[in-house]
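Student: Predicted model and sequence follow; I will ask about them next.
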Amino acid sequence: MEKFETSHTAEHGHEEKHSFDTKAIWRTFWILLVITCIELIVGMFIAPHFHSLKLMFNVLYIIFTLAKAFYIIAEFMHLRHEIKNMIMTVAIPALLFIWFITAFLWDGNSYKNLRNNYDPHHKEQSKVKAEAKPAHGEEHGAGESHGAEKPETVH
Amino acid sequence: MAQAVPANQKWWGGGRSPFNVEYGKLMMWYFLMSDAFTFGAFLIAYGTVRFSSNGWPDPNVVFSSFPFAGHAHLPLVFVSVMTFILIMSSVTMVLAVGAGHSNDRKSVLKWLFWTIIGGIAFLGCQAWEWHHLHDQGAWWGMNPFHNFDGSEASTNFTNFFFTITGFHGFHVFSGVIINIIMFIMTYRGVFDRRGHYLMIEKAGLYWHFVDLVWVFVFTCFYLF
């Protein structure tokens, strides 16, 4: 610990130059803010009108999310300025997520398809419109906290 | 862009940290790695269940309320306020860390104060959102919302929503507590006596991680 401190202070002048300029912090802030605003504009005003393009919008969201994650980790958490070996001990295990996400989502999708194929009743049930059985909702909603059926009209 | 180091430096010769970071900070990084996998497991479970379902509720319908706005349909507006608060508090945290680098006690206190305020504001927003959803009849095991195509939804959506945002909110809460402890320690001059503000950096890492997780929670629940 003691030794580390001395070596830290020895390099301090050098380190301070590129690590903690407030300009870079605010630049990162503006990048994050702009990306979030674009996401929200797409999510609020554009995507609801193009339901068939949902997949494309989701890809867009993923790209934006990863960009934001990169800036938070690299600049705010300062990982970009650590030495390479240290970056790798964090970055390489994180690559496991690629496999996790692919494998599990694939599995979920496969389960859905198998179930729809071999359990026609389930497939039919999931197509029934909720409005088709209002009596059930009214019965229930009366006793419980105000009407669970139509969330838009309840405050 | 890794830090520039002399080529003949013996990093593994002993006597210093081969990663050029303090032990506690390195361990904070590895703790955050494990925490990332916990959150990852939650979110991947959510994704798996969503992929295995024939229908799912529309976030534009579920998250369309704003405090004091009555019945106005304002999809995603409130959550954008929450996101802005969290990004903002992340910036004030970096500024606190930066002030700690130059041993500027007053600035550290100022920026930590605003970070704590931001954290509390975020928690307040989340409390309002949960309360409002609960009023609408949403809770663990209760889902009043319909799927995109108008069919009846299972309770999977609310179960995952409350579990994951609750787990994240708990992280925000503990982050606020850690920051308050940092504030008191700074105020009492503990770090001045120690000669460095490395502890603020560790608290900062945790706080940015909370922000990082929110980026993913935000995308998974409110945008998809």
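Tutor: Sure thing, it's come through.
Student: Any figure for the gap between B:Phe161 and chain A?
Tutor: Separation of B:Phe161 from chain A (C-beta to the nearest C-beta, to the nearest Å): 14 Å. Every residue, glycine included, has its C-beta placed from N, CA and C.
Student: What about that residue, how many residues nearby?
Tutor: 25 (other C-beta atoms under 10 Å in any protein chain shown).
Student: State whether it and B:Phe221 are indeed in contact, as I suppose.
Tutor: Yes: assessed by C-beta atoms under 8 Å, B:Phe161 is found in contact with B:Phe221 at 6.0 Å.
Student: Tell me where chain A has helices.
Tutor: A:2-10, A:12-19, A:22-41, A:54-71, A:84-94, A:96-118, A:120-125, A:134-143 (DSSP state H).
Student: Next one, pLDDT for the residue nearest to B:Leu198 when sequence neighbours are not counted please.
Tutor: Of all residues not flanking B:Leu198 in the chain, B:Glu22 sits nearest, at 5.4 Å (C-beta to C-beta, 6 or more residues apart in numbering or on different chains). We have a pLDDT of 90 for B:Glu22.
Student: was I right about A:Lys112 contacting B:Val49?
Tutor: No: using C-beta under 8 Å, A:Lys112 is not in contact with B:Val49; the gap is 10.0 Å.
Student: before we move on, the earlier item: reformat the helices of chain A into TSV and put distance to B:Ala203, mean pLDDT and mean neighbour count next to each item.
Tutor: Listed next are the helices of chain A as TSV, based on distance: least, C-beta to C-beta, whole Å; pLDDT from 0 to 100; neighbours: other C-beta atoms under 10 Å in any protein chain shown:
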stretch	distance to B:Ala203	mean pLDDT	mean neighbour count
helix A:2-10	18	42	12
helix A:12-19	18	44	12
helix A:22-41	17	91	16
helix A:54-71	20	93	15
helix A:84-94	18	93	14
helix A:96-118	25	96	13
helix A:120-125	49	91	11
helix A:134-143	46	40	12
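Student: for the host helix or strand of B:Gly119, what is the average pLDDT?
Tutor: Taking DSSP states H and E as the criterion, the element that holds B:Gly119 is helix B:105-135. Helix B:105-135 comes out with an average pLDDT of 96.
Student: and the gap between the closest residue to B:Phe42 other than its chain neighbours and B:Gln126?
Tutor: Closest residue to B:Phe42 apart from its sequence neighbours, by C-beta to C-beta, 6+ apart: B:Ile164 at 5.1 Å. B:Ile164 sits 12 Å away from B:Gln126, taking C-beta to C-beta, to the nearest Å as the criterion.
Student: picking up where we left off before, could you check how far the residue nearest to B:Leu198 is from B:Phe183?
Tutor: Taking C-beta to C-beta, one finds B:Glu22 at 21 Å from B:Phe183.
Student: Kindly state the domain boundaries assigned to chain A.
Tutor: A:17-83, A:95-132 (automatic domain parsing).
Student: And the first one, how far out from the chain middle?
Tutor: Which is domain A:17-83. 11 Å (C-alpha atoms, centre = their mean, to the nearest Å).
Student: ok, now the shortest one?
Tutor: Here the centre of mass of C-alpha atoms in domain A:95-132, compared against the chain's by C-alpha atoms, centre = their mean, lies 21 Å away.
Student: Could you do stretch B:38-49 as well?
Tutor: 16 Å.
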